[in-house]
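*Asks:* Quick one, structure for this:
(one chain, ligands or ions: 1)
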Amino acid sequence: MADSQRANDVAAWKALATHYQQIKDVHLRQLFADDPGRGERLTAETGGIYLDYSKNRITDETLRLLLQLAQERGVAQRRDAMFRGEKINLTEGRAVLHVALRAPLGARILVDGHDVVPDVHQVLQAMAAFADRVRGGAWLGHTGKRIRNVVNIGIGGSYLGPEMAYLALRPFSDRSMTFRFVSNVDGADFTEATHDLDPGETLFVVASKTFTTLETMTNAATARQWLVHALGSDAAVARHFVALSTNTEAVGKFGIDTDNMFGFWDWVGGRYSMDSAIGLSTMIAIGRDGFRDMLAGFRAMDEHFLTAPPERNLPLLLGLLTVWYNDFFGAETIAVLPYSSNMRRFPAYLQQLQMESNGKHVDLQGHSVDVQTGPIIWGEPGTDGQHSFYQLLHQGTKLVPCDFIGFCRPLSPVAHQHDLLMANLFAQAEALAFGKTAQELAAEGSPPFQTPFRVTEGNRPSNVILADELTPFTLGALVALYEHSVFTQGTIWGIDSFDQWGVELGKVLAQRIIPELTASAQPALHHDGSTNTLIQRFRDRRRAR
Ligand SMILES: O=P(O)(O)OC[C@H]1O[C@H](O)[C@H](O)[C@@H](O)[C@@H]1O
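*Replies:* Now for the predicted structure:
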C-alpha cells in the first residue's frame, strides 16, 4: 500500500511528467504510422471482454512508466490487502469487501477473525428462495393475489445498480412482471412509479444500507400509506414490504418484519452493493440462475485483476489510462458511451461508482492532495449522443477521453440493426482518433471557405470495450472492471476511495431548512443572504396559483 509518500513524489510520476512533454503533440496518426501493429498489440482480453486501448496517446514507453507508477504506488499490495479483508477504508475503519460478495463457497475471507463467505452465501440462499417464491407465484399479497409488480425504493447505491442492472438485463427478465424504481424525494417519482399499479399485486423492496436515508425513509412511509389505504389494513405491510439493509433495528422500527429482511455488512460500500442483498430486485427479475451468472462475471474479473500480468490486466490498464489523461493531459472528464440502449443507465451508475469514490481532496494521511483526483464521469448511449454532444467531442476545445462499450451480438431479435449500431461505434472511435485534414477535404472537393470549419483534428483518445454479448455474466464482469479501475486510480492518488464525507454537509443543512419551510409561523432565518432570500421567496409563493 502506498505509504505516506505522495503520488507525484515517486520516480515514475516525475518520469511521466517529462515523458508527457515529449508525447503531448504527437498525433495518433503518427503513432499508428510508426507502429501499425499497435491495433492488435495494445489490447487485452478476459472472459469475453476485449479492450482495445491502442487509440490512446501512449507509446510503449508510456505504458512502461504507468506500470512502474502502479508498482511504486503499491497497487498490487493494496489490492491484496483489500482481498484479504484488511481495513483499507481507513477513515471509517472498515474492510472493503465487495469482492467477498462473489467469492465461491470454500474461499475464506476473514474480517476480525470471522470468515464472512458463509454469511454471504446464506443471504444469497435466502434471497434465492424468496425470489423463487415471488416469481413462482407462491408468495401472495395480502388479498391473495400474485405479486406482479416490484418497486425498489432506494437512492444512490441502493438504486443506481438495481435500476441499471434491470434495464441492462431486461431480455433475461420475467416479462410478465413490472419493475419500477423510486429514488427521488420528489413525490412525483413515487406517483409516476405507482399510478398504474394494483396495490394488491405490488411488492415494495425498501433498499437502504443505513435505513436512515431521508429520501428512502420518506418514500417508504408514503408507500406504506398508499398500500394500507388501498388494502384497508396495517397487516398488509407484512406481505408487501421487504427490506434490504445492514440495520436490523431500524427495519424493525419501521414495521417491516425482520424475517422479511435481507442483510449485508458494513464492509460493503453503497456504490459497491448491487451484487449484495441490494440486488434482490435484480434477482427477482432474472432469477437465481441469472444472478448467479452475474456473480460469476464479477468473480471472473476479480480473478483477472488478482492474477493477470500487469501489462494484460484490464482494470489496471483502464485505471492507469484514466490517471494519464486526468493528471498529465489535464482532462477533466471522461465520457462513457455504451452502444446499447439497454446500458443507458450505465453512465449514471459509473458516476456514483467513480465520482463518490475518487472525488477526494485529501490523501490517506489527511493532507491536501497536490494532484488532480477523480475525473468527472458522464455519458449517454450511442448512437443518441452522436446527435447531441459529439460535436464537442470532435471539434470542441476540450480533451474528452472516451470509453466506447459495444457488443458483438445483439440483444434484440431486430438483429439486422446491430451492424448499423456497431458501425457507428467503430466510426466514432476512428473519427475521433484520426480526424480529417484540410488536404483530405480539399481532395474531396470541399469548398475552400468551408474547409476550416470542416477540419476535424483527431488525436482524441478512446478505449473500445468490445464484449461478446450483454449477458448477466458480462454485466458483472464490466461492473467489476470499473470497480477495480477506480481502486487502481484511488491507490495511485493515495486517497480513500471508500468513504464519502463530502455528502454529509448538504444533508445536515437540509435538516435545518426543513422546519424553516414547514413552520406555519414565519421563522427567523440565519443563513447567508442568498439562502435566506430563496427560502423567503419559496415560502411566499408556494401557495400562489
Ligand atoms: O443505502 P443508503 O444507506 O440509503 O444510502 C444511500 C446513498 O446515500 C448516501 O448519501 C451516500 O452518499 C451513498 O453512498 C449511498 O449509496
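
*Asks:* any chance you could map the strands in this structure?
*Replies:* Here the chain has its strands, by DSSP state E, at 43-46, 49-52, 110-111, 114-115, 149-153, 178-182, 202-207, 241-245, 261-263, 333-338, 376-378, 402-407, 462-467.

*Asks:* any chance of the ones you listed in JSON lines, plus distance to L295, mean neighbour count and mean pLDDT?
*Replies:* Using the backbone N, CA and C atoms, a C-beta is placed for each residue, glycine as well. JSON lines is the format used below for the strands of the chain (distance: least, CB to CB, whole Å; neighbours: other CB atoms under 10 Å; pLDDT from 0 to 100):
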{"stretch": "strand 43-46", "distance to L295": "16", "mean neighbour count": "18", "mean pLDDT": "98"}
{"stretch": "strand 49-52", "distance to L295": "16", "mean neighbour count": "20", "mean pLDDT": "98"}
{"stretch": "strand 110-111", "distance to L295": "19", "mean neighbour count": "16", "mean pLDDT": "96"}
{"stretch": "strand 114-115", "distance to L295": "18", "mean neighbour count": "12", "mean pLDDT": "98"}
{"stretch": "strand 149-153", "distance to L295": "19", "mean neighbour count": "24", "mean pLDDT": "98"}
{"stretch": "strand 178-182", "distance to L295": "20", "mean neighbour count": "22", "mean pLDDT": "98"}
{"stretch": "strand 202-207", "distance to L295": "18", "mean neighbour count": "27", "mean pLDDT": "98"}
{"stretch": "strand 241-245", "distance to L295": "16", "mean neighbour count": "27", "mean pLDDT": "98"}
{"stretch": "strand 261-263", "distance to L295": "15", "mean neighbour count": "20", "mean pLDDT": "98"}
{"stretch": "strand 333-338", "distance to L295": "21", "mean neighbour count": "24", "mean pLDDT": "98"}
{"stretch": "strand 376-378", "distance to L295": "25", "mean neighbour count": "19", "mean pLDDT": "98"}
{"stretch": "strand 402-407", "distance to L295": "20", "mean neighbour count": "24", "mean pLDDT": "98"}
{"stretch": "strand 462-467", "distance to L295": "17", "mean neighbour count": "22", "mean pLDDT": "98"}
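
*Asks:* which bits of the stretch 151-300 of the chain sit near the ligand?
*Replies:* Applying CB under 6 Å from any ligand atom, we find that the stretch 151-300 of the chain lies next to the ligand at 155-158, 208-210, 213, 216, 270-271.

*Asks:* List only buried entries from these.
*Replies:* In these, burial by neighbour count holds for 155-158, 208-209, 213, 216, 270-271, counting by 16 or more other CB atoms under 10 Å.

*Asks:* quick one: average confidence on the top helix by length along the chain?
*Replies:* Counting residues, the longest helix in the chain under DSSP state H turns out to be helix 280-307. Averaging pLDDT along helix 280-307 yields 98.

*Asks:* got the angle between it and strand 202-207?
*Replies:* Per axes from the mean of the first three to the mean of the last three CA atoms, to 10 degrees, the angle that helix 280-307 makes with strand 202-207 is 40 degrees.

*Asks:* biggest separation within the buried ones among the residues of the stretch 151-300 of the chain next to the ligand, which pair?
*Replies:* Comparing all pairs in those by CB to CB, the longest separation belongs to T216 and R271, at 15.1 Å.

*Asks:* Now the residue in the stretch 251-400 of the chain that the ligand sits nearest to: closest residue in space that isn't a chain neighbour?
*Replies:* Going by CB to the nearest ligand atom, the ligand is nearest to G270 of the stretch 251-400 of the chain, at 2.6 Å. Using CB to CB, 6 or more residues apart in numbering and skipping the chain neighbours, the partner closest in space to G270 is G157 (2.9 Å).

*Asks:* same deal with S173?
*Replies:* Spatial nearest neighbour of S173, excluding adjacent residues (CB to CB, 6+ apart): A285 at 4.0 Å.
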